[in-house]
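K.L.:
can't give you the sequence, but here's the structure:
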Ligand SMILES: [Zn+2]
């Protein structure tokens, strides 16, 4: 599962959705893999405005990546900063979480990730 | 005609095989009326950021792979992110593979104008129930080919169940396939849950394509959506298989008017 995907996912428990603690989910015991993908600056510039930057910073740090700037770059800043482009490309699109868990900061539920596929089905007592 | 994604690798004993309903979705989403509608909302010239397309219950992945591979033609931009949510773990794996193959085929056919021949970016398929794993308001285009066959009972996904390993019993396989078609009362139990979740799942510019069969009473479904208020619209945008004057299958588009579309 890509790090960019994590930016769109939250806890599947209905009552957690309104809590700020349910997003982003926190990776635990994460085994990462790296895909080599050709960099696409135009795509990144189009994706940047829809990223929750604060959540991405948290995810990035929790996965052991260098700290991202506190504020998201503007599209112009991103296009002018090759190092940042490469860093974001590598983090968002090339990094895959293959195994591990995603933990909700609100209810504590752990969602398993196996062979790169996260399982958000809830046991019946949580539905 | 845009090429149909290759699904020859999909294990059809555990995953719904592309059928008339899947192909109706492909035809409808690539029809002139829908590519015009989608491009007016999401093309690069329409402004805004990369749209997120989510298919609920992608099964083999044929529909989301088609949308990903032909993003430029269908949405007027290749800067498109796509993903799938399916209760069936095997379907999630199949969808990832189908999408990767379809994108690779588009890139191989690139005429050299650059940009990978107009393919978008498939992110992931995650295992889950409808839109439950998604943050509110992030979906720009939602596609749903639901379990629409009226049945006495509605099968329930098993949280652990068949996702343990690579082997499945005949009963587990029957259950996985039942999840893909059995719709409970009027064939609408799952679709009704999805329709109820749409206003919170979709973004301000969001729209949804949902497949219905005649037994689902599509005219009543559309009326119910329009009656919810909030400016929601619902229209039939694709049909197939006339049966005694009734369209056997149809696709409805659900959307809210934006200031420019
Ligand atoms: Zn939670």
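P.N.:
Arrived safely, thanks for sending. A quick note: this is a predicted structure, and the numbers were derived from the prediction, not measured.
K.L.:
residue boundaries of the helices in the stretch 1-150 of chain B?
P.N.:
For the stretch 1-150 of chain B, helices defined by DSSP state H, counting those that start in this stretch occupy the ranges B:20-29, B:32-42, B:62-69, B:71-75, B:89-108.
K.L.:
quickly compare those and say which is most buried.
P.N.:
Among the helices of the stretch 1-150 of chain B, ranked by average contacts under mean count of other Cβ atoms under 10 Å in any protein chain shown, first place goes to helix B:62-69 (a mean of 29). The way it works is simple: take the backbone N, C-alpha and C, and place the C-beta from them, glycine included.
K.L.:
packing partners of that helix?
P.N.:
Helix B:62-69 is packed against helix B:20-29, strand B:52-56, strand B:81-86, helix B:89-108, strand B:121-127, strand B:139-144, with contacts defined by 3 or more Cβ pairs under 8 Å, 6 or more residues apart in numbering or on different chains; DSSP states H and E.
K.L.:
between these, which gets nearest to residue B:1?
P.N.:
helix B:20-29 (9.0 Å; Cβ to Cβ).
K.L.:
need the residues that contact the closest one.
P.N.:
B:2, B:4, B:34-35, B:38, B:59-60, B:62-63, B:66-67, B:74, B:143, B:145, B:148, B:209, B:211, B:237-241, B:249-251 (Cβ atoms under 8 Å, 6 or more residues apart in numbering or on different chains).
K.L.:
one more pass at 6 Å, please.
P.N.:
B:34, B:62, B:63, B:66, B:145, B:211, B:237, B:238, B:240, B:249, B:251 (Cβ atoms under 6 Å, 6 or more residues apart in numbering or on different chains).
K.L.:
quick one: those residues as TSV, columns for distance to the ion and pLDDT too.
P.N.:
Putting these into TSV (distance: Cβ to the ion, whole Å; pLDDT from 0 to 100) gives the following:
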residue	distance to the ion	pLDDT
B:34	36	98
B:62	33	98
B:63	30	98
B:66	34	98
B:145	29	97
B:211	31	98
B:237	37	97
B:238	38	96
B:240	41	91
B:249	37	96
B:251	34	98
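K.L.:
show me which pair in these is furthest apart.
P.N.:
The farthest-apart pair in the contacts of helix B:20-29, when distances are taken by Cβ to Cβ, is B:62 and B:237, at 18.9 Å.
K.L.:
with adjacent residues omitted, what lies nearest to the residue of chain A found nearest chain B?
P.N.:
Chain A approaches chain B most closely through residue A:120 (3.4 Å), counting by Cβ to the nearest Cβ. Distance criterion Cβ to Cβ, 6 or more residues apart in numbering or on different chains; nearest residue to residue A:120, sequence neighbours excluded, is residue B:128 at 3.4 Å.
K.L.:
for that neighbour, what are phi and psi?
P.N.:
phi -180, psi 180 (degrees, to the nearest 10).
K.L.:
same check on residue B:80?
P.N.:
Torsion angles, degrees, to the nearest 10, at residue B:80: phi -130, psi 140.
K.L.:
quick check: it touching residue B:120?
P.N.:
Yes: applying Cβ atoms under 6 Å as the test, residue B:80 and residue B:120 come out as touching, 3.4 Å apart.
K.L.:
buried residues, the helix ranked longest in chain A. List them.
P.N.:
For chain A, the helix with the greatest residue count under DSSP state H is helix A:53-62. Going by neighbour count (16 or more other Cβ atoms under 10 Å in any protein chain shown), the buried part of helix A:53-62 is A:53, A:55, A:56, A:57, A:58, A:59, A:60.
K.L.:
same question, stretch B:173-180
P.N.:
B:173, B:175, B:176, B:177, B:179, B:180.
K.L.:
for residue A:41, state which of those is nearest.
P.N.:
residue B:180 (39.5 Å).
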